[in-house]
Every structure is written in structure tokens, then in C-alpha cells.
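Chemist: build me a model from this:
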Amino acid sequence: MSARPRCIVVVGAGTNVGKTHVACALASALVRRGEPVTAKKPIESGYEAEGSDAARLAAAAGHPLIAPRYALAEPVSPHRAARHEGLSLEKVELVRFCASATDTLVETAGGLLSPLSPSLTNLDLTVALAPTRVVLVAANRLGALHDVRACQLALAARALTAFVVLSAPPVADEATHHNGAELALLGWAPRVFEFPRAEAHSPATLAAADALAAAL
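Modeler: Okay, the predicted model is just below:
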């Protein structure tokens, strides 16, 4: 019996933490390793096909654009954008959209506990997708230790663990240079993957993505 396709879910410890940058770099790295994935973003608010997160993911994975199942016009929290359009973000529909006969990389919208509806969060969706791997992206700045640990505890309560990625913020602060080591010293993340704030094809980004892809 062949193993089921991998499902890698990329979640955020918050909003605007560099999740799409990491997801695109990871998709490209997997392709370079001969492990192609179908990259999807099932929900995207503020959606415009050209330059969208979904388009960036598809380009990184080397396949045509797969438009989100819920492409929402307003650039606000998905549950609000959906409500303003008279839509309900349904877990069954999202799971069906993400299902694939091939390995899949799924990027969620917003933070791990961001609401998709009154009864659905990105954590609930992640659990429903039964991922083989979860990648947790946090902004590498003051507060990252709290954000990572809070998400780890939420995931653990649902029998999930995650690879921790620290993504460089627009402006580094004192904590940026120490968060990775502190997570290890605290025993919260023995191995942390740090992504620079650099172009997708820069040597530093490629190296970080290759290391993450090899660990998955």
C-alpha cells in the first residue's frame, strides 16, 4: 500500500509575520529536491489574481494559479470579509478544496487562532486537514517567544506539533538576534529555522528554505 500524499500546512503565529514568504520559499525548495507540491491558499482576503498570495504560491511551486476557494475582496479578517459578502466559510468545502492526489502545501489566512467563522478557526481547519507536517511561522521580534509558545500549546491540545520558523521583521530589535537561541534554551523548540528578510532567490533565503525542506 502506498503512503498517502503529504499535506504540509503553513500557519502563522499572527498576521503579517512572513508566512507567504516562507511558504513560497519552501514550495520552491521542495521542487528543487524533486518533491513537487501543489500549493494552495484556500482563503485569501483582499484578493486580486495578479500578485495575490495564491499566485505567488503557484509560481513558486511551478504550476498554474489555483484560485482560493474563498477569494474575498475586502482586506480584513476572513470572517468579516466573508460576512460582508454574505458568505460562510465552510470547513467541509475548505477540506475538499485542499484535498489532492499529490503532495500539497497549504497556507492558511492570518494567525493560527484567527476566526474564519464564529465556530471555525485556522487551528480547526488545520486539524481537519490531518497534516503530515505543520510549519509555524512567527515574526522574529520582541514577543516571539510568547507567540510561539501560545501556538505550540494550542496545537498540542489538538495532538499536533510544528516546525518553528522565525521570519525576520522589517526592522530588527534586540530580541531578533536571540529568539532562536532562547527557544532552544527553554526547551520549546530544539531546532529553529530562521528566514531572512530577503528576495526569494537570494542565497540566504534559498539556504533557509533548503534546510527546512530537508527536515520535513
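
Chemist: any stretches of the protein with poor pLDDT?
Modeler: Applying pLDDT under 70 to the chain picks out residues 1-2.

Chemist: which parts of it are helices?
Modeler: With DSSP state H as the criterion, the chain has helices at 19-32, 53-61, 78-84, 91-98, 122-128, 144-156, 179-185, 203-215.

Chemist: what residues of the last one count as buried?
Modeler: So the one you mean is helix 203-215. Within helix 203-215, the residues that qualify as buried are T205, L206, A208, A209, D210, L212, A213, counting by 16 or more other CB atoms under 10 Å. Any C-beta I mention is one placed from the backbone N, CA and C, and that applies to glycine too.

Chemist: the fourth one now?
Modeler: Buried positions in helix 91-98, judged by neighbour count with 16+ other CB under 10 Å: K91, L94, F97, C98.

Chemist: neighbours of R83, just the number please.
Modeler: Counted with other CB atoms under 10 Å, the neighbours of R83 add up to 17.

Chemist: and A73, what does it touch?
Modeler: S45, G46, Y47, A81, E85 (CB atoms under 8 Å, 6 or more residues apart in numbering).

Chemist: give me that answer again for 7 Å
Modeler: Applying CB atoms under 7 Å, 6 or more residues apart in numbering, we find A73 in contact with Y47.

Chemist: please apply the same query to A138.
Modeler: A13, V17, A144, D147, V148, L166.

Chemist: wait, doesn't the last one sit right on N140?
Modeler: In other words, L166. Yes. L166 is within contact range of N140, at 3.8 Å (criterion: CB atoms under 7 Å).

Chemist: overlap in contacts, those two.
Modeler: Common neighbours of L166 and N140 (criterion: CB under 7 Å, 6+ apart): N179, E194.

Chemist: can you tell me how far S52 is from L183?
Modeler: Separation of S52 from L183 (CB to CB, to the nearest Å): 32 Å.

Chemist: neighbour count winner among those two?
Modeler: Per other CB under 10 Å, whichever of S52 and L183 has more neighbours is L183, with 22 against 19.

Chemist: so what's the more buried one up against?
Modeler: Per CB under 7 Å, 6+ apart, neighbours of L183: L145, V148, V164, A189, V192.

Chemist: and for P78?
Modeler: Neighbour list for P78: I43, S45, L72, L89, A109, G110, L116 [criterion: CB under 7 Å, 6+ apart].

Chemist: so among those, which ones count as buried?
Modeler: Taking 16+ other CB under 10 Å as the criterion, what is buried in the contacts of P78 is I43, S45, L72, L89, A109, G110, L116.

Chemist: between the residues you listed, which sits nearest A27?
Modeler: Proximity of the buried ones among the contacts of P78 to A27 (CB to CB) peaks at A109, which lies at 16.8 Å.

Chemist: so that closest one touches E44, yeah?
Modeler: Yes. Counting by CB under 7 Å, A109 touches E44, with 6.1 Å between them.
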